[in-house]
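# Here you go, sequence then predicted model.
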Amino acid sequence: MTSLKKIELHLHLDGSISLDLASKLSGLPLSELKEKMIAPDKCFDLKDYLTRFDFPISLMQTKDNLELISQDLVNRLEKDNVIYAEIRFAPAFFTKKGLTYEEIIKSILTGVRKNKKVKTNLILCLMRGMDLETNLQVIETASKYLNKGVVAIDLAGDEKQYKLKEYLPLFKKAKALNIPFTIHAGEVDEIDLQDAIDLGLKRIGHGVFAIKNDNLLKQIQDKNILLEICPTSNIQTNAFNSYKEHPVRLLYDKKININISTDNRTVSNTSLEREYKHLIKECNFTKEELKDINKNSLNYAFLNPKEKIKLLEELEK
């Protein structure tokens, strides 16, 4: 399995700080950090799962720490045989000690670019529950760094409490600035999915609750939208009980475009290698099907055609 080269499109930086580095930065023992940073196999819900981000975010308030955390993540991606990753984060979370959005982005870009073997790009997250002005500032910053390391924006956060309808004006602004976007939707219910589809997007973060609605599923299929699927995370947030009950196999069989990602490597205590092993053992995926998913994922990566061709050649080696 380790020979399989991988494309990861849905990966949160703050949910993926290694325990070893967190221990080095905080001085806390690994046993305590496991409690703070790794979610249990079953959380009460998404909101419960998201509490595991509080401590990692507290470590991400200086330029040096952001650089170290970013470099360490990409080094771990290399070990997981990931050849391309889009790493997302909400810059508004890292300003508690006075860092500007530009300082945050520059620090993270410096960190990820220290590894020359894994190609990476950044996605900036708008947050549900944050005020309009803060989210608009993130969009403006994304516009400034577009195709200079930043390739898109996203909307993340507590989907149950804050519905996409409240944030639709933000995506009108993004469209006006020609900023590509993906949106977390359909992770806890199907309510946001129609609004997401109507925005004309080509990728949805999670989107798994589309399986409950044939009309939504048909629209996703007809419009060639890709779902960024993170099986372990979905099970932890209680969206589905087990890998066997997760709809990833059914979605693939229905010819829905999917990418397999980890969501949060530390919070979900996983890697793409582990995700793939679960998919093979419990969802009857073959290595060839996973290879096919990776090739197709490249079509939806926020990359120019030349870069996609180069990565496709690497996938097929």
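Done, it's in. Residues are numbered from 1 along each chain as shown.

# in the sheet, who's paired with Asn121?
Note on Asn121: beta-bridge partners Glu86, judged by DSSP bridges.

# Then the one 4 residues further on?
With DSSP bridges as the criterion, Cys125 is bridged to Asp154.

# Need the pLDDT of it.
Note on Cys125: pLDDT of 98.

# Contacts only, for the residue lying closest to Ser242 once chain neighbours are set aside.
Excluding the flanking residues, the one nearest Ser242 by Cβ to Cβ, 6 or more residues apart in numbering is Ile235, at 6.4 Å. Any C-beta I mention is one placed from the backbone N, CA and C, and that applies to glycine too. Taking Cβ atoms under 8 Å, 6 or more residues apart in numbering, we find Ile235 in contact with 41-42, 241-243, 246.

# Pretty sure Ile235 sits in a helix.
Yes: assignment of Ile235 by DSSP: H, G, I helix; E, B strand; the rest coil places it within a helix.

# For Leu19, see how far away it is.
Separation of Ile235 from Leu19 (Cβ to Cβ, to the nearest Å): 21 Å.

# now do Asp72
Distance from Asp72 to Leu19, counting by Cβ to Cβ: 11 Å.

# Also Leu99?
Distance from Leu99 to Leu19, by Cβ to Cβ: 24 Å.

# What is the burial count for Lys172?
9 (other Cβ atoms under 10 Å).

# Make sure it is indeed in a helix.
Yes: the assignment for Lys172 by three-state DSSP puts it in a helix.

# where along the stretch 1-150 of the chain do the helices fall?
Ranges of helices in the stretch 1-150 of the chain, per DSSP state H, counting those that start in this stretch, are 19-26, 30-37, 46-50, 54-58, 63-79, 101-112, 132-145.

# Need these in TSV (columns: mean pLDDT and distance to Arg274).
Listed next are these as TSV, based on pLDDT from 0 to 100; distance: least, Cβ to Cβ, whole Å:
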stretch	mean pLDDT	distance to Arg274
helix 19-26	98	16
helix 30-37	96	17
helix 46-50	90	17
helix 54-58	97	20
helix 63-79	98	13
helix 101-112	98	22
helix 132-145	98	31
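
# Looking at these, spot the one closest to Ala210.
Using Cβ to Cβ as the measure, helix 46-50 is the one of those that comes nearest Ala210, at 16.7 Å.

# quick one: buried residues of that closest one?
Neighbour counts over helix 46-50 (16 or more other Cβ atoms under 10 Å) mark 46, 49-50 as buried.

# and that helix, C-alpha only, in PDB?
This file holds the C-alpha atoms of helix 46-50, laid out as PDB (Å, rounded to 0.1, in the frame of the first residue of the first chain):
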ATOM      1  CA  LEU A  46     -19.200  17.800  15.300                       C
ATOM      2  CA  LYS A  47     -19.200  20.500  17.900                       C
ATOM      3  CA  ASP A  48     -17.700  18.100  20.400                       C
ATOM      4  CA  TYR A  49     -15.100  17.000  17.800                       C
ATOM      5  CA  LEU A  50     -14.100  20.700  17.100                       C
END
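
# So which elements touch that helix?
In terms of contacts (3 or more Cβ pairs under 8 Å, 6 or more residues apart in numbering; DSSP states H and E), helix 46-50 is packed against no helix or strand at all.

# one more time with 10 Å
Using 3 or more Cβ pairs under 10 Å, 6 or more residues apart in numbering; DSSP states H and E as the contact test, the elements touching helix 46-50 are helix 231-236.
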